[in-house]
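Participant: Got a predicted model here, sequence first, then my questions.
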Amino acid sequence: MDDGGRRLAQEERLPQEWRKSAYERWLESEGIPVVTDVAVPDLREVAVAPWPRMEARGAYIRLLGTEDTNNAYVLEIAPGGRTAAERHLYEEFFFVVDGRGGCEVWNQAGARQSFEWQAGSLFSIPLNCSHRLHNGSGRSPVRLLGVTTVPLMINLLHNAEFLFNCPFDFLDRFDGREGYFGGEGTLYPGRVWDTNFVADVHRFQLHEWAERGAGGKNVMFEFANNTLCAHVSEFPVGTYKKAHRHGPGAHVVILEGDGYSLMWPEGASEMTDVPWKPGSMFVPPGMWWHQHFNTGPTPARYLAIRWGGAKWKVARYLDIQGVDKSKKEGGNQIEYEDQDPRVHRRFVERCETRRVPVRMGAFPVRL
């Protein structure tokens with residue numbers, strides 16, 4: 001019997017409840033659907049169910065590449081409705097998929113603020129602050145995507161009561177100062193925008209990132225003094241970005257455009273093909289190479305909520321750097337001239353099928 005067989009035999013003799021992580025047991029206790037797959041074709045169409053804890057409707061999303069370092073969920077609030085108030089010791093990003101509304105945030109020290117959001121807004125609830133979301137429409141439900149660090153936190157603490165009912169105020173995260181959610185920010189070198197609220201990521205101004213190829217643009221977001229961060233990237237019609245790799249948990253949400261991404265582990269001969277359109281979401285597994293291709297008639301723009309921010313580091317595996325530095329130089333990017341020739345051929349064929357001009361002439365790619 002090999003080592004894997006011995007470990008399996010040993011696990012089978014352990015108590016049944018030990019075979020699931022604290023996070024898996026907690027997911028089951030939430031009582032809502034859990035979507036497991038490589039990708040979500042459209043966040044607007046994810047089936048949701050009543051969610052008693054949130055007094056709303058929802059579904060968890062546990063995709064291949066999260067590796068339970070972080071998670072995602074879809075939250076739907078009825079017309080004119082609001083969620084239950086909650087606070088928790090895990091970080092949380094919200095991206096508004098559809099609709100408009102407001103959010104109240106307060107802490108134990110008495111600081112309280114509220115702000116409005118709309119489709120395309122991106123914001124983060126400061127750690128352990130109480131908060132409640134409101135639907136601003138009396139006619140239509142609203143839908144938000146949440147991305148959180150709950151898997152790591154609940155697996156470390158394995159105590160939901162403490163996770164949701166700790167009274168401590170993290171004043172370094174939220175001190176109640178005026179304009180905290182006003183959308184103001186500071187731009188740092190490396191296209192890093194430090195803020196706590198973005199009104200619409202579809203329209204946010206991006207900056208050139210030549211190292212990633214294909215005339216792409218980008219901005220990196222630091223939010224609410226978090227360890228989780230985010231970025232938005234865009235690349236032109238008829239182009240594709242260089243392949244790169246990093247740690248797990250980068251939830252990629254397509255904002256604009258039509259195309260596909262390829263994902264593969266080091267040394268693999270076959271690639272996982274992920275088609276996408278606005279509303280699609282996928283998570284490249286940790287240290288898998290992946291590459292994004294625009295085969296649609298408009299520029300492609302996507303949002304990624306992820307680990308690996310500029311301000312706070314967690315662990316080397318989560319904070320992989322060098323995604324714009326060649327693998328030949330010790331980085332984690334494959335230059336166009338070094339990629340598998342099948343990559344470019346596949347892209348040309350798909351563009352021809354859709355009658356989209358290929359605009360990669362300025363970049364050295366092998367046929």
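Facilitator: Now that the structure is in, tell me what you want to look at.

Participant: ok so N226 is a helix residue?
Facilitator: No. Looking at N226 with DSSP: H, G, I helix; E, B strand; the rest coil, it is coil, so not inside a helix.

Participant: Tell me who's in contact with the spatially closest residue to it that is not a sequence neighbour.
Facilitator: Excluding the flanking residues, the one nearest N226 by C-beta to C-beta, 6 or more residues apart in numbering is E91, at 5.0 Å. C-betas here are computed from N, CA, C, even on glycine. Counting by C-beta atoms under 8 Å, 6 or more residues apart in numbering, E91 makes contact with S124, L127, T148, T149, A224, N226, T227, L228.

Participant: CSV for those, including pLDDT?
Facilitator: Listed next are the contacts of E91 as CSV, based on pLDDT from 0 to 100:
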residue, pLDDT
S124, 97
L127, 98
T148, 98
T149, 98
A224, 94
N226, 96
T227, 96
L228, 97
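
Participant: now, which of these sits nearest F168?
Facilitator: The shortest approach to F168 among the contacts of E91 belongs to L127, at 9.3 Å (C-beta to C-beta).

Participant: what's around G257, how many residues?
Facilitator: 22 (other C-beta atoms under 10 Å).

Participant: give me phi/psi at the residue nearest to N226?
Facilitator: Backbone geometry at E91, expressed as degrees, to the nearest 10, gives phi -80, psi 150.

Participant: Could you measure from it over to L27?
Facilitator: 18 Å (C-beta to C-beta, to the nearest Å).

Participant: Pull the number of nearby residues for S21.
Facilitator: So S21, with other C-beta under 10 Å, has 14 neighbours.

Participant: wait, it sits on R62?
Facilitator: No. The pair S21 / R62 is not scored as a contact, 11.7 Å apart, by C-beta atoms under 8 Å.

Participant: The longest helix seen in the chain - what's its average pLDDT?
Facilitator: The longest helix of the chain (DSSP state H) is helix 341-354. Across helix 341-354, the average pLDDT comes to 95.

Participant: tell me which residues of it are tucked away?
Facilitator: If you call a residue buried by 16 or more other C-beta atoms under 10 Å, then helix 341-354 has these buried ones: V343, H344, R346, F347, R350, C351.

Participant: helix or strand for L27, which one?
Facilitator: helix 22-30 (DSSP states H and E).

Participant: Now do that helix: which elements does it pack against?
Facilitator: helix 150-157 (3 or more C-beta pairs under 8 Å, 6 or more residues apart in numbering; DSSP states H and E).

Participant: hmm, who's touching the next helix or strand after the helix it packs on?
Facilitator: The first helix or strand that comes after helix 150-157 along the chain, using DSSP H and E, is helix 160-165. Contacts with helix 160-165, where a contact means C-beta under 8 Å, 6+ apart, come from W26, S29, E86, R87, H88, L89, Y90, V150, M153, I154, L157.

Participant: thought K313 was touching Q321?
Facilitator: No. Using C-beta under 8 Å, K313 is not in contact with Q321, being 9.7 Å away.

Participant: Just name the shakiest helix or strand of this structure by mean pLDDT.
Facilitator: The helix or strand of the chain with the lowest confidence, counting by mean pLDDT, DSSP states H and E, is helix 3-12 at a mean of 64.

Participant: wait, isn't Q339 in contact with A243?
Facilitator: Yes. Counting by C-beta under 8 Å, Q339 does reach A243; the two are 6.1 Å apart.

Participant: Please work out how many residues are found near R212.
Facilitator: Neighbour number of R212 under other C-beta under 10 Å is 19.

Participant: Surely it touches D324?
Facilitator: Yes. Between R212 and D324 there is a contact under C-beta under 8 Å: 5.4 Å.

Participant: Quick check: neighbours shared by those two?
Facilitator: H244, Q333.

Participant: Need phi/psi at N135.
Facilitator: phi -80, psi 120.

Participant: now the one 3 residues further on
Facilitator: Here the main-chain torsion angles of G138 (degrees, to the nearest 10) amount to phi -90, psi 0.

Participant: ok, T298 touching L255?
Facilitator: No. Assessed by C-beta under 8 Å, T298 is found out of contact with L255, at 11.0 Å.

Participant: what about these two, which has more around it?
Facilitator: L255 (21 against 12).
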